[in-house]
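Novice: Mind looking at a prediction? Sequence and model below.
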Amino acid sequence: MSDDEVQSTPWRATELLTPGWTVGEIDTSVAHTARMYDYFLGGKDNYEVDRDVAEQVLAIYPQVRELARENRAFLGRAVRYLARQGIRQFLDIGTGIPSPGNTTDVAHEVAPDARVVYVDNDPIVISHAGALLADHDPAHTSIVYGDLRDPVAILHHPRVRAVLDFNEPVAILLVSVLHFIDDGDRPAEIVRALMQAAPPGSFLALSHASAQGEREQELATEAAATWDRATARLNLRDRTAITSFLDGLELVEPGLVPIPWWQPDREVTADPERNWGFAAVAYKATR
């Protein structure tokens, strides 16, 4: 395949950048969490089934839309902070459908030489990310088909290793994805495996759905049950459980906090009584 052919179609670019992966049929009969998230953000890369389930969630828990936007804003603040700390490599797992303000856009505002690998397990995400790649050097921005539940496969994927140098610090982004990993899949061990592969000086950025207060827990739990109609179960975890994902790492100020309050870049007007989930950035010390 010539370079011209690779640049002419995102699908072929994706096939080349993800050896052995073939495009499967996109299932539009079941709501998908990535497409629902896109709908919550006001995007158009979703289907009727996604909108139907998303609207059922919103009917129970209308603040989900605002939570999605706050979570997206956290991604931007975290990536900007990491780039300013000198991080030039980003592994964004469970990226969702790319849209303006994605990891590459934000990182390149600070560091045009930053390299990014996106990982997702949904064909429509791969498709749209392939379109994103058409405007970027594949040596610096890539997408691979992978599942967070198999961190070893992600870490050893040839495209991950081609773009990222694990002899140098890397930022691993787990933004709004760990709550789709069931306890039986041992999410803490997944995070540990990823961070063990990262050299000292690396960072972890994560956000996670939660519920605080009796009434908030009731509403969030009801909304999560509706979410079970989609492709992944939503697992609400408390602060203690989320903290366990950060074991062995040093928290960046202000620590593990409700999402809007992680290093806000504007006045926070969010209602503190609402359930916002938690967010944190943590550092793998050199010692």
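Specialist: Ah, there it is. Since the structure is predicted, the reported quantities are computational estimates derived from the model, not experimental observations.
Novice: Okay, now the unreliable bits of the stretch 101-250 of the chain?
Specialist: For the stretch 101-250 of the chain, the stretches with pLDDT under 70 are 132-133, 212-232.
Novice: how about the helices in it?
Specialist: Along the stretch 101-250 of the chain, counting by DSSP state H, counting those that start in this stretch, helices occupy 103-110, 123-133, 151-155, 158-163, 187-197, 214-227, 239-243.
Novice: Just checking: what are the partner strands of the helix or strand following the last one?
Specialist: Sequence-wise, the next helix or strand downstream of helix 239-243 (DSSP states H and E) is strand 250-251. Partner strands for strand 250-251, per DSSP bridges, with pairing direction: strand 278-283 (antiparallel).
Novice: And for the partner strand, what's in contact with it?
Specialist: 71, 74, 78, 81-82, 201-208, 210, 239, 242, 246, 249-252, 255-259, 262 (Cβ atoms under 8 Å, 6 or more residues apart in numbering). Where C-beta positions appear, they are placed from N, C-alpha and C, glycine not excepted.
Novice: okay, it in CSV with CA atoms only?
Specialist: Provided in CSV are the C-alpha atoms of strand 278-283 (Å, rounded to 0.1, in the frame of the first residue of the first chain):
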residue,chain,number,x,y,z
PHE,A,278,-13.8,11.8,41.4
ALA,A,279,-10.7,12.8,39.5
ALA,A,280,-7.0,12.7,40.2
VAL,A,281,-3.6,12.9,38.6
ALA,A,282,-0.8,10.9,40.3
TYR,A,283,2.9,10.6,39.8
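Novice: Just the angle for it relative to helix 187-197, thanks.
Specialist: If you take axes from the mean of the first three to the mean of the last three Cα atoms, to 10 degrees, strand 278-283 sits at 30 degrees to helix 187-197.
Novice: Next, the buried residues of strand 278-283.
Specialist: Residues of strand 278-283 classed as buried by neighbour count (16 or more other Cβ atoms under 10 Å): 278-283.
Novice: can you pull the contacts of Val163?
Specialist: Per Cβ under 8 Å, 6+ apart, neighbours of Val163: 115-117, 139-142.
Novice: 7 Å instead, please
Specialist: The contact partners of Val163, by Cβ atoms under 7 Å, 6 or more residues apart in numbering, come to 115, 117, 139-140, 142.
Novice: Same question for Arg115.
Specialist: 88-89, 140, 163-164.
Novice: ok, now Leu41?
Specialist: 68-69, 72, 99.
Novice: gap between Ser142 and Gln85?
Specialist: Ser142 sits at a distance of 23 Å from Gln85 (criterion: Cβ to Cβ, to the nearest Å).
Novice: More neighbours: which of these two?
Specialist: Legend: neighbour count by other Cβ atoms under 10 Å for Ser142 and Gln85, higher for Ser142 (25 against 15).
Novice: just checking, the more buried one touches Arg159?
Specialist: Yes. Contact criterion Cβ atoms under 7 Å: Ser142 and Arg159 qualify, at 4.9 Å.
Novice: which pair in the contacts of Val163 spans the largest distance?
Specialist: The most widely separated members of these, counting by Cβ to Cβ, are Val117 and Ala139 (11.2 Å).
Novice: Between those two, which has more neighbouring residues?
Specialist: The neighbour comparison of Val117 against Ala139 (other Cβ under 10 Å) goes to Val117, with 27 against 9.
Novice: mind listing what the closest residue to Asn167 other than its chain neighbours touches?
Specialist: Sequence neighbours aside, Pro199 is the residue nearest to Asn167 in space, at 6.3 Å (criterion: Cβ to Cβ, 6 or more residues apart in numbering). Neighbouring residues of Pro199 by Cβ under 7 Å, 6+ apart: 166-169.
Novice: now Trp262
Specialist: Listed by Cβ under 7 Å, 6+ apart, the contact set of Trp262 reads 74, 77, 254, 279-280.
Novice: One more: Pro187?
Specialist: With Cβ under 7 Å, 6+ apart, Pro187 has these contacts: 178, 181, 245.
Novice: any idea which of the contacts of Trp262 is closest to Arg192?
Specialist: Once Cβ to Cβ is applied, the member of the contacts of Trp262 that ends up nearest Arg192 is Ala280, at 15.5 Å.
Novice: beta partners of the closest one?
Specialist: On the basis of DSSP bridges, Ala280 is bridged to Leu206.
Novice: And the pLDDT for it?
Specialist: In this model, Ala280 is scored at 98, pLDDT.
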